[in-house]
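Undergrad: sequence below, structure please.
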Amino acid sequence: MHTITTGLAGVSAGQVAEALRRGLGPGYQAEPDGGSEVTVRRGALQRARVTIRSVPEGTTFHVRGQGMPIPLMYFTLSFINDRGLARRAAEVLERPDAFRG
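TA: Just a heads-up that it's a prediction; the model follows:
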């Protein structure tokens, strides 16, 4: 899991999804899940989840890879996606200009 804290307070799931779509580029999907989470996808097997939390310093993002619910492959895909897609998503959220229009 990757943890990023930004000094901006009140960052919404919609803002995170937009920053991820802009920063990751074509071929990636980032959709808010109706609350404080965003799902990032690329293709059928690459998935990551961003959980958004308000903290006194601003906003914290927890980014972790996810696996498809395929027996015996779930943990392997989670590990691979944590090292790949989740890492790339975290790098986008760490950028100083991530939440600028």
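Undergrad: and the helices in this structure?
TA: 13-24, 74-83, 85-94 (DSSP state H).
Undergrad: what's the neighbour count on residue 27?
TA: When neighbours are counted by other CB atoms under 10 Å, residue 27 registers 9. Every residue, glycine included, has its C-beta placed from N, CA and C.
Undergrad: ok, now which ones touch it?
TA: The contact partners of residue 27, taken as CB atoms under 8 Å, 6 or more residues apart in numbering, are residue 42.
Undergrad: now it: phi and psi?
TA: Dihedral pair for residue 27: phi 90, psi -10, per degrees, to the nearest 10.
Undergrad: what about it, distance to residue 16?
TA: 18 Å (CB to CB, to the nearest Å).
Undergrad: ok, now residue 46?
TA: In this view, residue 46 and residue 16 are 18 Å apart by CB to CB.
Undergrad: tell me which of those two has more neighbours.
TA: residue 16 (27 against 20).
Undergrad: now that one, nearest residue through space, not along the chain?
TA: Nearest non-adjacent residue to residue 16, counting by CB to CB, 6 or more residues apart in numbering: residue 38, 4.9 Å away.
Undergrad: of the helices of the chain, which shows the lowest average pLDDT?
TA: Mean pLDDT values for the helices of the chain show the minimum at helix 74-83, a mean of 75.
Undergrad: buried residues in it?
TA: 77, 78, 80, 81, 82 (16 or more other CB atoms under 10 Å).
Undergrad: try stretch 7-22
TA: 11, 13, 15, 16, 17, 18, 19, 20, 21, 22.
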